[in-house]
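*Asks:* Attaching a predicted model along with its sequence, questions to come.
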Amino acid sequence: MLGALLPKRSSHLNIGHSNMASLPCPADTCFPNFTELNLIQNNISCFNDVSQLASSFPNLHTLVLSDNPLNSFGEDQQVVEKFEKLAKLHVNKITINSWDEVSKLRWFPALSDVRMVHWDLFGDMKEDERKKKKEMLGALLPNAHLINGAPMPDKEQLNGGT
């Protein structure tokens, strides 16, 4: 099945633009050499649709889910925590529209770099709200060092040096 189609020595897998709602990957299939998976522009609407990737891709470092109708990071913290090595998550142009969903990103134990532009949640922000967005993201995502490619200020800087 999927295993027979994948190159043995590659570390990156790009199956974007494939019109998939989930990745057809049997639970007993493991691809330890893959560190980056690009699922850009598919039909993935909930993170649970890709949750089996944690066991199939145990060394996954980068996951690209941009341009999907993703509206939830799921309800099960234990599923997300299984992505032990996931440090980079690209979720640009998705349909998340609540800060509660943003806060679920802290469930990823190694997540330090998040790309999250053109979200429904951020679309209607007024100028003063946009200024506070980075501060809010820093509070919700304490392990993130980079958000949208920009370094997060130290927590002391966000609190005025106190």
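*Replies:* Sure thing, it's come through.
*Asks:* C-terminal to whichever helix in the chain runs longest, what's the next element?
*Replies:* If each helix of the chain is counted by residues according to DSSP state H, the longest one is helix 127-140. On the C-terminal side of helix 127-140, the closest following helix or strand by DSSP states H and E is strand 146-147.
*Asks:* Partner strands of that following strand and their direction?
*Replies:* Sheet pairing here is set by DSSP bridges, and for strand 146-147 it gives strand 113-115 (parallel), strand 150-151 (antiparallel).
*Asks:* Next secondary structure element downstream of the longest one?
*Replies:* Toward the C-terminal end, the helix or strand that comes next after strand 113-115 (DSSP H and E) is helix 120-123.
*Asks:* With adjacent residues omitted, what lies nearest to residue 122?
*Replies:* residue 133 (6.6 Å; C-beta to C-beta, 6 or more residues apart in numbering). Every residue, glycine included, has its C-beta placed from N, CA and C.
*Asks:* What confidence value was assigned to the one you found?
*Replies:* pLDDT, the model's per-residue confidence, is 83 for residue 133.
*Asks:* try residue 13
*Replies:* The predicted local confidence for residue 13 is 90.
*Asks:* Figure out the helix or strand that the residue nearest the centre of the chain lives in.
*Replies:* By C-alpha atoms, centre = their mean, the chain has its centre lying nearest to residue 89, at 3.4 Å. Taking DSSP H and E as the criterion, residue 89 maps to strand 88-90.
*Asks:* Quickly run through the sheet partners of that strand, with directions.
*Replies:* Taking DSSP bridges, the sheet neighbours of strand 88-90 turn out to be strand 62-64 (parallel), strand 113-115 (parallel).
*Asks:* Same list (those strands) but as TSV, adding distance to residue 146.
*Replies:* Formatted as TSV, these follow (distance: least, C-beta to C-beta, whole Å):
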stretch	distance to residue 146
strand 62-64	12
strand 113-115	4
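*Asks:* Tabulate the ones you listed (TSV), appending mean neighbour count and distance to residue 38.
*Replies:* Conversion of those to TSV gives the following (neighbours: other C-beta atoms under 10 Å; distance: least, C-beta to C-beta, whole Å):
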stretch	mean neighbour count	distance to residue 38
strand 62-64	20	4
strand 113-115	20	12
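*Asks:* Please convert those strands to JSON lines, extending it with distance to residue 143 and mean pLDDT.
*Replies:* Formatted as JSON lines, the entries for these read as follows, by distance: least, C-beta to C-beta, whole Å; pLDDT from 0 to 100:
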{"stretch": "strand 62-64", "distance to residue 143": "16", "mean pLDDT": "97"}
{"stretch": "strand 113-115", "distance to residue 143": "10", "mean pLDDT": "96"}
